[in-house]
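Asker: sharing a model prediction with you, sequence too.
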Amino acid sequence: MAHVAKRDVVLKVEGLKKSYGPVTIVENFNLSVREGEAVALVGRNGAGKSTILRCLVGADRPDEGTVLIGGNRMTETNPAVRRDLATVIDDLDFFPDLAVVEHLDLLARAHGLEDPDDIVDDVLEQVQLVQQAGQLPSTLSSGQRRRLALATAFVRPRRLLVLDEPEQRLDVQGVEWLGRKLREDLDEGLAIVLASHEPSLIAAVGAREVHVGEQQ
Ligand SMILES: Nc1ncnc2c1ncn2[C@@H]1O[C@H](COP(=O)(O)OP(=O)(O)OP(=O)(O)O)[C@@H](O)[C@H]1O
């Protein structure tokens, strides 16, 4: 069904520039993403997709340009930005002595969810880690660790979800699940930006493709 109401812009990036030493990786990058919209950054290895994502989430500081999330300027310390933004861009560092379920429980409570137990159970089921709920992160397979990383984003409130190659190390069913899950998030009004090399995921999510690094 077409929504008549105009959807809010959740992410606005203007004039982003990032160099490492003398090498400019990204220049004059602009992006606007509304509620219920997904954008996939695509392009060759080294094109600058992760660099852009790192600037969006405050993990790296752009040399020029502005990043607004929910109308607030991106700084990691801004609580309004942190409330709106869920992100999985690197392999997460987990607490070595906290079990899978304890990680998710901690995050859900830290974000003040009313029913943390229900949400944690639900997400554990979605990422198929129910049987591993009591295991420590070091005992998980690499794909299971990836699922736990994704679960940390799904267990908390969010308006904007930023994911860097979320398909990494997921099996075929996992990639299919992720496509459905992101589609559901979009239907609930979330905005999503991902970098991906997996056309089937981009298609399943219905993401608008933005090509990075092709002007050089
Ligand atoms: N901290 C850094 N110092 C120097 N160069 C860097 C740094 N981080 C990234 N680069 C360089 O910036 C370029 C863009 O890297 P980036 O990780 O953004 O690419 P990408 O599009 O995400 O690639 P991939 O598809 O391989 O993940 C690469 O040439 C990389 O070597």
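Answerer: Received the coordinates, thanks. Residues are numbered from 1 along each chain as shown.

Asker: touching, V13 and N28? I think so.
Answerer: No - judged on C-beta atoms under 8 Å, V13 makes no contact with N28 at a distance of 10.5 Å. For glycine as for every other residue, the C-beta is placed from the backbone atoms N, C-alpha and C.

Asker: who's more crowded, those two?
Answerer: V13 (21 against 11; other C-beta atoms under 10 Å).

Asker: after the helix-or-strand element of the chain with minimal mean pLDDT, which helix or strand is next?
Answerer: None of the helices or strands of the chain scores lower by mean pLDDT, DSSP states H and E than helix 79-84, at a mean of 80. Later in the chain than helix 79-84, the nearest helix or strand by DSSP states H and E is strand 85-88.

Asker: in terms of secondary structure, what does that following strand contact?
Answerer: helix 142-154, strand 160-164 (3 or more C-beta pairs under 8 Å, 6 or more residues apart in numbering; DSSP states H and E).

Asker: wait, which of the ones you listed is closest to the ligand?
Answerer: strand 160-164 (7.2 Å; C-beta to the nearest ligand atom).

Asker: residues in contact with the helix or strand that that closest one is followed by?
Answerer: Where DSSP H and E defines the elements, the next helix or strand beyond strand 160-164 is helix 172-187. Residues outside helix 172-187 that contact it (C-beta atoms under 8 Å, 6 or more residues apart in numbering): 36-38, 126, 128, 143, 147, 150, 154, 161, 166-167, 170, 192, 194, 198, 200-201, 203-206.

Asker: low-confidence stretches in the protein?
Answerer: Residue ranges of the chain with pLDDT under 70: 1-5, 76, 91, 215-216.

Asker: where do the strands sit along it?
Answerer: 9-20, 23-34, 38-42, 64-69, 72-73, 85-88, 160-164, 191-195, 208-211 (DSSP state E).

Asker: the fifth one pairs with which strands, and in what direction?
Answerer: To tie it back to what came earlier, the one meant is strand 72-73. strand 64-69 (antiparallel) (DSSP bridges).

Asker: only alpha carbons, please: show the strand it pairs with as CSV.
Answerer: What follows is strand 64-69, C-alpha atoms only, in CSV (Å, rounded to 0.1, in the frame of the first residue of the first chain):
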residue,chain,number,x,y,z
GLU,A,64,34.6,17.7,5.3
GLY,A,65,30.9,17.5,5.2
THR,A,66,28.0,16.9,7.6
VAL,A,67,26.1,13.8,8.8
LEU,A,68,22.7,14.3,10.3
ILE,A,69,20.8,11.4,12.0
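
Asker: quick one: that strand to strand 191-195, angle?
Answerer: Angular relation of strand 64-69 and strand 191-195 on a 0 to 180 degree scale: 130 degrees, by axes from the mean of the first three to the mean of the last three C-alpha atoms, to 10 degrees.

Asker: for burial, what's the neighbour tally of G36?
Answerer: By other C-beta under 10 Å, neighbour count at G36 equals 17.

Asker: same question but for A203, I mixed them up
Answerer: Around A203 there are 11 residues (other C-beta under 10 Å).

Asker: D105 now?
Answerer: 19.

Asker: now do S138
Answerer: 9.

Asker: can you check D171 too?
Answerer: For D171, using other C-beta under 10 Å, the count is 10.
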